[in-house]
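coordinates only, sequence not included:
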């Protein structure tokens, strides 16, 4: 107020404002001129402080809820494991588990004094929704997870997001606003799994019981933080499914051929690039195996999940850890061979276990199957030989290569992504005679016609084997032209 004229107010620009309805002119006031901006600054600072306090209160609340959720629940180890699984699935976008987590968060908030804590983002109507988004939500990934049909993998590199659907990789329309949002999701996942991702350990992995897996890396290990979420759908993936129009991995004639190879216990090797469908084909071929046969699977990570999808089958599943000698592939093979396996399904041949798999295939475990990274089928015997030679056992390379072609890689199958579909592009038989190895082509995919072309017939040795073991299949193959 103006001291001489109590009825006048000082304006923020230094002029005295008359009361309403009066127009006595404006007189300059140095006090008002210097005090107005300070008052404005003071008011804005007070508003900022209130905003920071509110934001800080919300962040403290979020941290309290996050820690309480991470503390775990359940009286038994099984209850605790189920609770942790629910937390992971909720973070990864499984709807039923997200509803359960929202209810739990609402319950935790109801027990706290939350008056005066405002929602920091206008997009959230309720405090519980804002808290949920921080401790469980996947931010922009949620828009991708709403459309799960065909979704196989989500790849995050810094702020960019890529989707893998039905084998095809595409840049997503959504992207993270900041790298901090990516790191928040990483910290939620490692916290709920009692793991760490920091400057001392710059990576972490989370795996769910359904086979879904999350691999994360942080600054310093990779140039930008990354998240890779790989989903494994639980459904029948037999050979008939791979013949269907929506998959078009093979046609009916190729199915008959592969089915016969499995029934007659040929040793198979599958090659192809990443995401070309090797694991899917391996699972489909496993569906053909007789239920009573003892099967052993050996993997670096559980991905085949054969026991889950084919519970009626006699399957023992190993998950190896090469960093732990007590649970390495070497130890797994030793134990597996003592468990009377008919066949061994090895998810992928690697350097450390190549010799072990070769010995298994040459010592009576016919009908075994594996995958391998190789450029073409002709390279397979050499690639496995090179891996076997790493342990310096001193075997002559040429002899070893011939032995591998004759007993380990009797049939080769090559996969590739063509025209948006995962296709079997080639099937061949490895024929060994007079010290020479011949890759005998049987099938090739013709991209111009979109169909498979028969390029040869089975060797006399393979035909005799099929006639001995599967007379019914032999008749089908003669009719299809694979056998004379």
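Yep, it's here. Worth saying up front: this structure is predicted, and the values here are computed from it rather than measured.

May I see the buried residues of stretch 442-456?
Residues 442, 443, 444, 445, 452, 454 are the ones in stretch 442-456 that count as buried (16 or more other CB atoms under 10 Å). For every residue, glycine as well, the C-beta is placed using N, CA and C.

Tell me the spacing between the third one and residue 243.
Spelled out, that is residue 444. Computed as CB to CB, to the nearest Å, the residue 444 to residue 243 distance reads 17 Å.

Phi, psi for residue 333 please.
Backbone torsions for residue 333, taken as degrees, to the nearest 10, come to phi -60, psi -40.

you'd agree it is up against residue 356?
Yes: with contact defined as CB atoms under 8 Å, residue 333 counts as touching residue 356 (4.3 Å).

give me the low-pLDDT residue ranges for the stretch 151-300 of the chain?
Scanning the stretch 151-300 of the chain with the threshold set as pLDDT under 70 gives 192, 209-211, 233-236.

Can you name the next helix or strand after the helix or strand containing residue 335?
Taking DSSP states H and E as the criterion, residue 335 maps to helix 329-337. Tracing the chain C-terminally past helix 329-337 and defining elements by DSSP H and E, one meets strand 343-346 next.

just checking, what packs against that following strand?
strand 294-299, helix 354-361, strand 369-372 (3 or more CB pairs under 8 Å, 6 or more residues apart in numbering; DSSP states H and E).

circling back: okay, the buried residues of stretch 442-456 in TSV with distance to residue 117, pLDDT and secondary structure next?
Below are the buried residues of stretch 442-456 laid out as TSV (distance: CB to CB, whole Å; pLDDT from 0 to 100; DSSP: H, G, I helix; E, B strand; the rest coil):
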residue	distance to residue 117	pLDDT	secondary structure
442	69	97	strand
443	66	97	strand
444	66	97	strand
445	61	97	strand
452	64	97	strand
454	71	95	strand
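
about what we covered before: which among the helices and strands packed on strand 343-346 is found nearest to residue 140?
Smallest distance to residue 140 across the helices and strands packed on strand 343-346 (CB to CB): 32.3 Å, for strand 294-299.

tell me which strands and helices the following helix or strand past the closest one is in contact with?
Downstream of strand 294-299, the first helix or strand assigned by DSSP H and E is helix 306-309. Counting contacts by 3+ CB pairs under 8 Å, 6+ apart, helix 306-309 is packed against helix 278-286, strand 314-319.

would you list these in CSV and tack on mean neighbour count and distance to residue 137?
Shown next, in CSV, are the helices and strands packed on helix 306-309 (neighbours: other CB atoms under 10 Å; distance: least, CB to CB, whole Å):
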stretch, mean neighbour count, distance to residue 137
helix 278-286, 22, 30
strand 314-319, 18, 31
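
Turn the ones you listed into a markdown table, columns for distance to residue 362.
Shown next, in a markdown table, are the helices and strands packed on helix 306-309 (distance: least, CB to CB, whole Å):
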| stretch | distance to residue 362 |
| --- | --- |
| helix 278-286 | 21 |
| strand 314-319 | 20 |
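
Which among those is found nearest to residue 89?
Of all the helices and strands packed on helix 306-309, strand 314-319 comes closest under CB to CB, at 20.1 Å.

residues in contact with that closest one?
Strand 314-319 is contacted from outside by 291-302, 304, 306-307, 332, 335-336, 339, 341, using CB atoms under 8 Å, 6 or more residues apart in numbering.

before we move on, back to that, tilt between the helix holding residue 335 and strand 314-319?
With axes from the mean of the first three to the mean of the last three CA atoms, to 10 degrees as the basis, helix 329-337 and strand 314-319 are set at 170 degrees to each other.

Could you pull up the mean pLDDT of helix 329-337?
For helix 329-337, the mean per-residue pLDDT is 90.
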